[in-house]
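K.L.:
heads up, no residue letters with this:
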């Protein structure tokens, strides 16, 4: 193995990861002249993008089809500002692409809704990469040495008063401090989801799915979440809409609510009269407040943003002091405030009216391959067996409770340096994102407990991740 040491540097700080949270760690890290920052991740040269906002070296029809789940000004106010100044370039970049996102976007812009657009994720990735590299340049200008290692980290050990981080190509990086931001768990697996006519995930399997679609085959999605909506965008990018045949199944059989923008915008201002003794009392108060906001004319996006900001400001502990009770609400609030990309949700409903798309209410148990397709074995609402004939099946079921982790994060769990909360089903870390080992911090979209604070809503949200990283670095001063 080749050892990479900080040499004469006074402090070596390592960030493991290359996505949005890793970029946010780089933006807020405290380093002085003579220190060194090392970023380790397969896409470290494109820090900030990660898998979610990546672009492929060889452009594919679907590369700019996948849209953000949230409007621009909700996911990041800075991005909404950036979008306004880069709109001419975005128009040029999106001209002539299918599905025709640009025509709908231009109509929204004419109505003053540019900041409320659900923008292609690859374009948000442009903003994140630009922002991350500006932060790295600022560190270099201070005299900090910046090293980007485009490999995955595979393990970590303690050597004396430093950490030794191993990479997939045999490097060993010695560090004084480490921030880990390797993303959330992988999608749960379904028996039979990896065959000639099934895929365990959408991403990385687009070419196979597109080839099947072009032969006139149908596609089934297991799950009715954001990834399922991405499958529809893939279909629209390679086929005329009247040639698409797509179905999705899930136990609830319900799509997320479309997050709609409007002018003038509004953000719900909750005022929950706590503290509450039980999770049940708290959730009842939230549902009552949400209904009151709907009755007052607020939209789901405005309600979701308002409650998210409210929980960040006041903290769940001030509303529900019993931590054991607080641990019960995260998953349920995730369903209460579930929302998604208005463009694709509206398209799915529109295409359902013409028979192009369909939602089936069913709980999938397994997938059986056939010579010319696959059968989905499921249970209906009454628990009766179902066999659904499919051409191609895509597992869009999300992480669920399986918690399949990347090797590096799994090693942290195995060592007991971070833990998984049995009640929330997410990661549990200490105050300021500290783990059980001094000098090592961890944040994931699946983090649900930070110190004495239980996160009210799931952290699969750029605004929430940035907020907690900012607080952690302020606390580290």
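P.N.:
Perfect, I can see it now. All values derive from a computational prediction rather than experimental measurement. Numbering: from 1, shown residues only.

K.L.:
shaky segments in the stretch 1-150 of the chain?
P.N.:
Scanning the stretch 1-150 of the chain for pLDDT under 70 picks out the ranges 1-9.

K.L.:
does residue 382 count as helix, strand or coil?
P.N.:
Recorded secondary structure, residue 382: coil (DSSP: H, G, I helix; E, B strand; the rest coil).

K.L.:
That one and residue 94, how far apart?
P.N.:
46 Å (CB to CB, to the nearest Å). The C-beta positions use only the backbone N, C-alpha and C, and glycine is treated the same way.

K.L.:
need the next SSE after the strand or helix carrying residue 247, C-terminal direction.
P.N.:
Taking DSSP states H and E as the criterion, residue 247 maps to strand 246-250. Downstream of strand 246-250, the next assigned helix or strand under DSSP H and E is strand 257-258.

K.L.:
ok, and what's touching that following strand?
P.N.:
300, 338-342, 345-346 (CB atoms under 8 Å, 6 or more residues apart in numbering).

K.L.:
JSON lines for those residues, including pLDDT and distance to residue 310?
P.N.:
Output for the contacts of strand 257-258, formatted as JSON lines (pLDDT from 0 to 100; distance: CB to CB, whole Å):
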{"residue": "300", "pLDDT": "94", "distance to residue 310": "15"}
{"residue": "338", "pLDDT": "90", "distance to residue 310": "18"}
{"residue": "339", "pLDDT": "90", "distance to residue 310": "16"}
{"residue": "340", "pLDDT": "92", "distance to residue 310": "21"}
{"residue": "341", "pLDDT": "95", "distance to residue 310": "24"}
{"residue": "342", "pLDDT": "95", "distance to residue 310": "23"}
{"residue": "345", "pLDDT": "97", "distance to residue 310": "25"}
{"residue": "346", "pLDDT": "96", "distance to residue 310": "28"}
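
K.L.:
Can you tell me which of those residues is nearest residue 200?
P.N.:
Of all those, residue 340 has the smallest distance to residue 200: 21.9 Å, by CB to CB.

K.L.:
Now for the contacts of strand 257-258: which two are most distant?
P.N.:
338 and 346 (16.2 Å).

K.L.:
Compare these two (neighbour count), which wins?
P.N.:
residue 338 (16 against 13; other CB atoms under 10 Å).

K.L.:
ok so, going back, which one of residue 382 and residue 94 has more residues nearby?
P.N.:
More neighbours surround residue 94 than the other of residue 382 and residue 94, with 18 against 5 (other CB under 10 Å).

K.L.:
Pull up the gap between the closest residue in space to the more buried one that isn't next to it in sequence and residue 320, please.
P.N.:
Leaving out its chain neighbours, the residue that sits closest to residue 94 by CB to CB, 6 or more residues apart in numbering is residue 102, at 4.4 Å. Distance, residue 102 to residue 320, using CB to CB: 45 Å.

K.L.:
and residue 353, how many neighbours?
P.N.:
Residue 353 has 8 nearby residues by other CB under 10 Å.

K.L.:
Can you point out the buried residues in stretch 464-475?
P.N.:
Buried residues in stretch 464-475, counted by 16 or more other CB atoms under 10 Å: 464-469, 471-473.

K.L.:
what does stretch 403-414 give?
P.N.:
403, 405-406, 408-409, 411-412.

K.L.:
same deal with stretch 52-72?
P.N.:
Result for stretch 52-72 [16+ other CB under 10 Å]: buried residues 52-55, 62-72.

K.L.:
Now name the helix or strand holding residue 386.
P.N.:
Applying DSSP H and E, one finds residue 386 within strand 385-390.

K.L.:
Sheet partners, orientation included, of that strand?
P.N.:
strand 374-379 (antiparallel) (DSSP bridges).

K.L.:
quick one, the partner strand and strand 246-250 angle?
P.N.:
30 degrees (axes from the mean of the first three to the mean of the last three CA atoms, to 10 degrees).

K.L.:
what about residue 379, neighbour count?
P.N.:
Residue 379 has 14 nearby residues by other CB under 10 Å.

K.L.:
likewise residue 49?
P.N.:
Neighbour tally, residue 49, other CB under 10 Å: 26.

K.L.:
What residue, apart from its backbone neighbours, is nearest it spatially?
P.N.:
Nearest to residue 49 is residue 125, by CB to CB, 6+ apart, at 4.2 Å.
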